[in-house]
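Undergrad: sequence and predicted model, in that order:
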Amino acid sequence: MSQIDWHDETPVPGLPPTLEWVGGLDGHLRLIDQTLLPSELKLLDCHCAEDVWRAIRTLQVRGAPAIGVAAAYGVCLATRQARNADPDSFLRLLKTSAEHFLTARPTAVNLAWAVRRVCAAAERALARGSSAAWEAMLSEAHRVAQEDRRVCQQIGEAGADLVPEGGGVLTHCNAGALATAGSGTALSVLYAAKKRGRRFHVYVDETRPLLQGARLTAFELHAAGIPVTVICDSAAASLMRAGKIAMVIVGADRIAANGDTANKIGTYSLAVAAACHRIPFYVAAPLSSFDLMLKDGDAIPIEYRPGQELACSCGRQVVPAQVECLNPAFDVTPAALITGIICERGLAKPVTEQNIKQICSPAPCTGLDAS
Ligand code: MRU
């Protein structure tokens, strides 16, 4: 399969691919270890499924589209040893490893979507034997990665003109190149706006407790030559009141049929503050982040992470040892607070069930469709 030359299209000079398959059938998954950024840019080679599962769980690779791509390759690694087994044994291993990957992180639907795609590719090819099924899976994982690159660019193009000339833009967490196999979702919109000559200043919430905004988004935007200032999460509303923010743009981990959107914890309070100050609040996400099976955001599973991530900050205990910490990693922003959702097919605005149904139709590839 032809490889895109990342270095021709990356908006972030010097940044290696967030994740990529290295080699052929005997290859492995290589990813940037994001827990070490920004002080260290180190690549992690995952040679087995457990390496990938752990990388997803511990946020060495993170961001909804990126964990989908990682899990797709992870299931390939998990089943590679069964290439010479009979089809029934191959299928059994495929099912258990797919289920195992679904446990890595529950909120981003992209993970289940990508795993489903590689499983469906294997099942379609299984009549030709286990080895053919496995190769079909690997090709499908490559397709998932390649499509994500294209979709990121399309999202950027679809949203670029929404970025206000000379204005301040606020973002939360990291929905950039580091969160995808391409140029990002929310940040892709900013990269495309810059390419069109727009001048703007980005304020980034540090994004407690794991600081994806401060560590990753600031790193990416700065490397891309976009003026960026990090603020603590609780400063956002007062910046809005001071007139410094003309637009808020964030990514998404799962969007329900009515437009309710799960994203990094703190997104909901940004949306409330933006509505209060009449500032447009946009979500940028690929169709693979939509979950039309869920009527509304109440049904979105929210990941709770260890309290220790809150209690221990920068290597130091900051909460008394006996005190409990509650650490939801995501929250749900009601559709009514979202001005528009930017995806690869354009803009859904206003965010209504009807508009979402329309933009999602025909359904994006699920792996269940005939090939
Ligand atoms: O816990 P993380 O770092 O995986 O959370 C990531 C986010 O919340 C992103 O905003 C979301 O996945 C969109 S990434 C394009």
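TA: Structure's in. What do you need?

Undergrad: wasn't Ser234 part of a helix?
TA: Yes: assessed with DSSP: H, G, I helix; E, B strand; the rest coil, Ser234 lies in a helix.

Undergrad: grab the nearest non-local neighbour of the residue of the stretch 251-371 of the chain found nearest the ligand.
TA: For the stretch 251-371 of the chain and the ligand, the shortest gap (Cβ to the nearest ligand atom) falls at Gly251, measuring 2.7 Å. From N, CA and C alone the C-beta is placed, and that goes for glycine too. In space, and not counting its chain neighbours, Gly251 is closest to Ala175: 2.7 Å by Cβ to Cβ, 6 or more residues apart in numbering.

Undergrad: could you tell me the model confidence score at the one you found?
TA: With respect to pLDDT, Ala175 has a value of 98.

Undergrad: check Met1 too.
TA: We have a pLDDT of 33 for Met1.

Undergrad: try Pro364
TA: 74.

Undergrad: and the residue lying closest to His172 once chain neighbours are set aside, how far is that from Val250?
TA: Of all residues not flanking His172 in the chain, Asp205 sits nearest, at 4.6 Å (Cβ to Cβ, 6+ apart). Taking Cβ to Cβ, to the nearest Å as the measure, Asp205 falls 9 Å from Val250.

Undergrad: identify the contacts common to the two.
TA: Thr171, His172, Cys173, Leu270 (Cβ atoms under 8 Å, 6 or more residues apart in numbering).

Undergrad: show me which of those residues is closest to the ligand.
TA: Nearest member of those to the ligand, counting by Cβ to the nearest ligand atom, is Cys173, at 4.1 Å.

Undergrad: residues near the residue nearest to Trp113 when sequence neighbours are not counted, how many?
TA: Spatially, and ignoring its direct neighbours in sequence, Trp113 is nearest to Ser288 (4.9 Å; Cβ to Cβ, 6+ apart). Neighbour count for Ser288, taken as other Cβ atoms under 10 Å: 26.

Undergrad: ok, so of the shared contacts of Asp205 and Val250, who is nearest Arg124?
TA: Cys173 (35.9 Å; Cβ to Cβ).

Undergrad: and the closest one, helix, strand or coil?
TA: coil.

Undergrad: setting the sequence-adjacent residues aside, check what's closest to it.
TA: Lys264 (3.6 Å).

Undergrad: please name the bridge partners of the one you found.
TA: Phe330 (DSSP bridges).

Undergrad: thought it was touching Thr207?
TA: Yes: at 6.1 Å, Lys264 counts as touching Thr207 under the criterion of Cβ atoms under 8 Å.

Undergrad: who has more neighbours out of these two?
TA: Lys264 (27 against 24).

Undergrad: now His222, what's its secondary structure?
TA: helix.

Undergrad: mind listing what it touches?
TA: Per Cβ under 8 Å, 6+ apart, neighbours of His222: Val228.
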